[in-house]
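**Student:** structure of the sequence below:
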Amino acid sequence: MATMAADTGETCFARSGNYHIAYQVLGSGPFDLIFAPGWVSHLELALEDPLQGRFLRRLASFSRLILFDKRGTGLSDRVPSDKLPTLEDRMDDLRAVMDAAGSARAAIFGVSEGGNLSALFAATYPERTISLAMFGVFAKRLRSEDYPWAPTAEERDRACDQLEETWGSTMDLSSLAPSMAGDAAFMRRLATYLRRSASPGSAVALLRMNTQIDIRAVLPLIRVPTLVLHRLGDRDANVAEGRWIAAQVPGARFTALAGEDHLPWVGDQDTLLDEVQQFFTGARATPEWDRALATLLFTDICDSTGHAARLGDHAWRELLHQHHALVREQLVRFRGREVDTAGDGFFATFDGPARAVRCACGIRDGVRRLGLEVRAGLHTGEIETTGSNASGIAVHTAARVLGQAQPGEVLVSSTVKDLVAGSGLRFAARGAHALKGIPDPWQLFAVESA
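**Tutor:** Numbers count the residues shown, from 1 in each chain. You can find the predicted model right below:
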């Protein structure tokens, strides 16, 4: 018995033996695509997370995407630690999900440990597999003379012991997402996601089980079109593993990507998704420009060169990490969208000007506790967006407003001031300013009270 899913993101359950496997169907594209997650997952939390949600919805934009939580994780039934699911059990679960979702054949995209399951399924059920893509995958998890990239047994034991001691609280996740290691808010969200995906006992037991995985003998038996992707600096699975795996699969293509993050939705997810989309559909995404009204915020640290000289390179980088984490916390709090980070400055967009102003003031006040002073510039206008980018004359205007701001000042254009009438925000006039590259002078105002 299975609960049938509409293509709306409703969580349903497929029956696999005595277990219920949670799944969702998103999108209505021309072919079915199964996303096989790594070690542990929670499909509803994944869709709620800004980075994971964007990643998965991009997959659903060109396919009928089927998401699921493997047995023992997320919303699927838990299993006793002494009766962990084998890869064979998980293949049964995957078939049950496909049947429940009405999918006769599907492309499969597996990441990390999910790649092991995907490879085994593709080799075993080629009649149900259109094609296979794997990212950050490994063939085995214990080092041997003929597989020198995996950790040693001692290293895996230490990792399991450390994980059990720190699960969900102080665990070190930097190897999974090194580009975000200095972002405290992101690391807290990731720890929460993992904690809700599995219990401490299950998480450690599954990690120990993964240590025994070895799919080397399966790889030459895969007969479907296969793409193996790997980031060059991946710290959890060595890029050499990806190259070796691709070489074992007949006709497989290997693509190396820039970056260090093992998690596919962290770092440059668009380049990764472009490769996946082209492989599955034969065409890359065509940029579609959308126009919308937005409030734009630019910030930068005052006298950053002086700080760096006084503190030294290591201490300055650490301070920058703290600054970036604080800024991102405020962006999440006030529903801002980070567009770009260049050096010590941020560019973000907001769907409301009052939230943008309060976010700017929160950033300014927060970084003072770090011994830093920032300035901020805001403007509201029409922007053009494609993917995560934003452009247009409004972007240039906001950047020029920033250029007029003094240290510790949150400076806004008259458009922002007019739109927040009644919000309780108070401003001091700073007069008309000619902004470089902008046709007419703008009246600018400094925030006095937020």
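
**Student:** residues touching Ala177, list them.
**Tutor:** Phe186, Met187, Leu190, Asp261, His262, Leu263, Val266, Gly267 (C-beta atoms under 8 Å, 6 or more residues apart in numbering). Using the backbone N, CA and C atoms, a C-beta is placed for each residue, glycine as well.

**Student:** any chance of TSV for these, columns secondary structure and pLDDT?
**Tutor:** Formatted as TSV, the contacts of Ala177 follow (DSSP: H, G, I helix; E, B strand; the rest coil; pLDDT from 0 to 100):
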residue	secondary structure	pLDDT
Phe186	helix	83
Met187	helix	83
Leu190	helix	87
Asp261	coil	93
His262	coil	94
Leu263	coil	95
Val266	coil	92
Gly267	coil	89
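
**Student:** for Arg328, state which of the residues you listed is nearest.
**Tutor:** Distances from Arg328 to the contacts of Ala177, taken as C-beta to C-beta, are shortest for Phe186 (6.7 Å).

**Student:** pLDDT below threshold where in the stretch 101-250 of the chain?
**Tutor:** 168-170 (pLDDT under 70).

**Student:** likewise the stretch 301-450 of the chain?
**Tutor:** For the stretch 301-450 of the chain (pLDDT under 70), the answer is 343, 386-388.

**Student:** now the strands for it?
**Tutor:** In the stretch 301-450 of the chain, strands defined by DSSP state E, counting those that start in this stretch lie at 337-342, 345-350, 374-386, 389-391, 410-413, 426-433, 442-449, listed in chain order.

**Student:** export the third one to PDB, keeping only CA atoms.
**Tutor:** Okay, so that is strand 374-386. C-alpha atoms of strand 374-386 as PDB (Å, rounded to 0.1, in the frame of the first residue of the first chain):
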ATOM      1  CA  VAL A 374      31.000  49.300   8.500                       C
ATOM      2  CA  ARG A 375      29.100  51.600   6.300                       C
ATOM      3  CA  ALA A 376      26.000  50.700   4.200                       C
ATOM      4  CA  GLY A 377      24.200  52.100   1.200                       C
ATOM      5  CA  LEU A 378      20.600  51.300   0.200                       C
ATOM      6  CA  HIS A 379      18.400  52.000  -2.800                       C
ATOM      7  CA  THR A 380      15.100  50.700  -4.000                       C
ATOM      8  CA  GLY A 381      14.400  50.100  -7.700                       C
ATOM      9  CA  GLU A 382      13.800  47.600 -10.500                       C
ATOM     10  CA  ILE A 383      16.400  44.900 -11.000                       C
ATOM     11  CA  GLU A 384      16.900  42.200 -13.500                       C
ATOM     12  CA  THR A 385      17.600  38.800 -12.100                       C
ATOM     13  CA  THR A 386      18.900  35.600 -13.700                       C
END
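
**Student:** okay, now the nearest residue to Phe68 once chain neighbours are set aside: neighbour count?
**Tutor:** What sits nearest to Phe68 in space, not counting adjacent residues and going by C-beta to C-beta, 6 or more residues apart in numbering, is Tyr23, at 4.1 Å. Look at Tyr23: counted by other C-beta atoms under 10 Å, it has 28 neighbours.

**Student:** tell me which helix or strand comes right after the host helix or strand of Tyr23.
**Tutor:** Here Tyr23 is covered by strand 19-26, with elements defined by DSSP states H and E. Later in the chain than strand 19-26, the nearest helix or strand by DSSP H and E is strand 32-36.

**Student:** hmm, who's touching that next one?
**Tutor:** 56, 59, 63-68, 70, 94, 97-98, 101, 103, 105-111, 114-115, 117-118, 130, 280.

**Student:** give me the buried entries from the residues you listed.
**Tutor:** 56, 59, 63-68, 70, 94, 97-98, 101, 103, 106-111, 114-115, 117-118, 130, 280 (16 or more other C-beta atoms under 10 Å).

**Student:** so which of these sit within helices?
**Tutor:** Leu56, Leu59, Leu94, Val97, Met98, Gly114, Gly115, Leu117, Ser118, Phe280 (DSSP state H).

**Student:** identify the residues contacting the fifth one.
**Tutor:** In this structure, Met98 makes contact with Asp32, Ile34, Ile66, Ala104, Ala106, Arg128, judged by C-beta under 8 Å, 6+ apart.

**Student:** could you save these as a markdown table and add columns showing distance to Val204?
**Tutor:** Shown next, in a markdown table, are these (distance: C-beta to C-beta, whole Å):
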| residue | distance to Val204 |
| --- | --- |
| Asp32 | 34 |
| Ile34 | 27 |
| Ile66 | 28 |
| Ala104 | 37 |
| Ala106 | 31 |
| Arg128 | 33 |
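
**Student:** of the residues you listed, closest to Ala139?
**Tutor:** Ala139 has its nearest neighbour among these in Ile34, at 20.5 Å by C-beta to C-beta.

**Student:** mind listing the helices for the stretch 151-300 of the chain?
**Tutor:** Along the stretch 151-300 of the chain, the segments classed as helices by DSSP state H, counting those that start in this stretch run 153-166, 184-197, 200-211, 239-248, 269-281.

**Student:** nearest to His321, of those?
**Tutor:** Nearest to His321, of all the helices of the stretch 151-300 of the chain, is helix 184-197, at 8.6 Å by C-beta to C-beta.

**Student:** now tell me what touches that closest one from outside.
**Tutor:** By C-beta under 8 Å, 6+ apart, helix 184-197 touches 40-42, 45-46, 49, 52, 69, 73-74, 167-169, 171, 173, 176-177, 180-181, 203, 322, 325, 328-329, 332.

**Student:** ok, back up a step: buried deepest among the strands of the stretch 301-450 of the chain, which one?
**Tutor:** Counting by mean count of other C-beta atoms under 10 Å, strand 410-413 has the highest mean neighbour count of these, with a mean of 28.

**Student:** for that one, the distance to its chain's centre please.
**Tutor:** Chain-centre distance of strand 410-413: 31 Å, with C-alpha atoms, centre = their mean, to the nearest Å.

**Student:** which other helices and strands does that strand contact?
**Tutor:** If you count contacts as 3 or more C-beta pairs under 8 Å, 6 or more residues apart in numbering; DSSP states H and E, strand 410-413 packs onto helix 353-368, strand 374-386, helix 393-404, strand 442-449.

**Student:** then that strand to PDB, C-alphas only?
**Tutor:** C-alpha atoms of strand 410-413 as PDB (Å, rounded to 0.1, in the frame of the first residue of the first chain):
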ATOM      1  CA  VAL A 410      23.600  53.700   7.000                       C
ATOM      2  CA  LEU A 411      22.800  55.900   4.000                       C
ATOM      3  CA  VAL A 412      19.600  55.500   1.900                       C
ATOM      4  CA  SER A 413      18.200  57.100  -1.300                       C
END
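
**Student:** all good on my end, thank you.
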